[in-house]
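A.B. asks: Provide a 3D model corresponding to the input given below.
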Amino acid sequence: MTTPDITFYTVGTPNGVKVSIVLEELGIPYKVREISFQKNEQKEPWFLKINPNGKIPAIIDHSRGDFNVFESGAIMIYLCEHYDPEGKLLPKDPNLRSQVIQWIMFQMGGLGPMQGQSSHFNRYAPEKIPYAIKRYSDETKRLYSVLNDSLEGKEYLVGNRYTLADAISYPWVRAHFLSGIPSINEFPNLKTWIARIDERPATQKGLNVPTPDKVKELTDNPEKLEEFTKVAQSAFKFKSVEEEK
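C.D. replies: I've put the predicted structure just below:
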């Protein structure tokens, strides 16, 4: 196996930390390059050469000819294919591997986009649009119910052991309060699953890359949550329809 030499371009968002958690779980050495949303670095020409979509996270694998990988799910699979010879997070068994990839697609195509829209319309949008708020909040909760039902009688989603299937959705669900969903008490299996993953040492390391994790602090402190919201609105320059005219 090639000795990894990876530069990780990231911000402490759910999409960013799910990759740092995997890097930590696999014990892969990496260098961190934090991207500044305030400076719009993700749209600069040098970064677009790494990720043409202008989003975080992305990696450059210098040990494999400076190979670039973008899209968080693709990065997670790539890391396992090259640096997880035992199949710790991406099983070698074809059926289990397929099940893990199905959950990766579930997060990338469903949970991430829907919860992201729920977060935007509940917290960051300059105009409150009740239809959008309800639509995306309801769909996010429906997806939570899918996870909750699938965890019935199990500790983890696939093979009853921790895999990419868990690592990819965990950072999103733990940030549910940002999406207009203050509590997940109605999803008891999901709640204990979050607590279980919280306890993993690699999780705690990965959550604090590239900056200290703020989820608990924001959950417990409404004033800091509002301050965080204003900073995010400013960084992304969200404008109302009237302001855009």
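
A.B. asks: Provide a list of residues in contact with residue 189.
C.D. replies: 147, 148, 149, 151, 152 (CB atoms under 8 Å, 6 or more residues apart in numbering). In this view, the C-beta of every residue, glycine as well, is placed from N, C-alpha and C.

A.B. asks: So which of those residues sit within helices?
C.D. replies: 147, 148, 149 (DSSP state H).

A.B. asks: Neighbours of the first one, how many?
C.D. replies: Residues contacting residue 147 under the criterion other CB atoms under 10 Å number 23.

A.B. asks: on that earlier part again, now the ones in helices among the contacts of residue 189 in TSV, with pLDDT?
C.D. replies: Listed next are the ones in helices among the contacts of residue 189 as TSV, based on pLDDT from 0 to 100:
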residue	pLDDT
147	98
148	98
149	98
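
A.B. asks: wait, which of these is closest to residue 210?
C.D. replies: residue 147 (27.3 Å; CB to CB).

A.B. asks: Quick check: the closest one touching residue 191?
C.D. replies: No: the criterion here is CB atoms under 8 Å, and residue 147 misses it with residue 191 at 10.8 Å.

A.B. asks: what helix or strand is residue 7 on?
C.D. replies: Element membership of residue 7, judged by DSSP states H and E, is strand 6-10.

A.B. asks: ditto for residue 59
C.D. replies: Going by DSSP H and E, residue 59 is part of strand 58-61.

A.B. asks: all helices of this structure, in order?
C.D. replies: Assigned by DSSP H, the chain shows helices spanning 14-25, 45-48, 72-83, 94-106, 112-119, 130-150, 164-173, 188-198, 201-207, 215-220, 222-236, 241-244.
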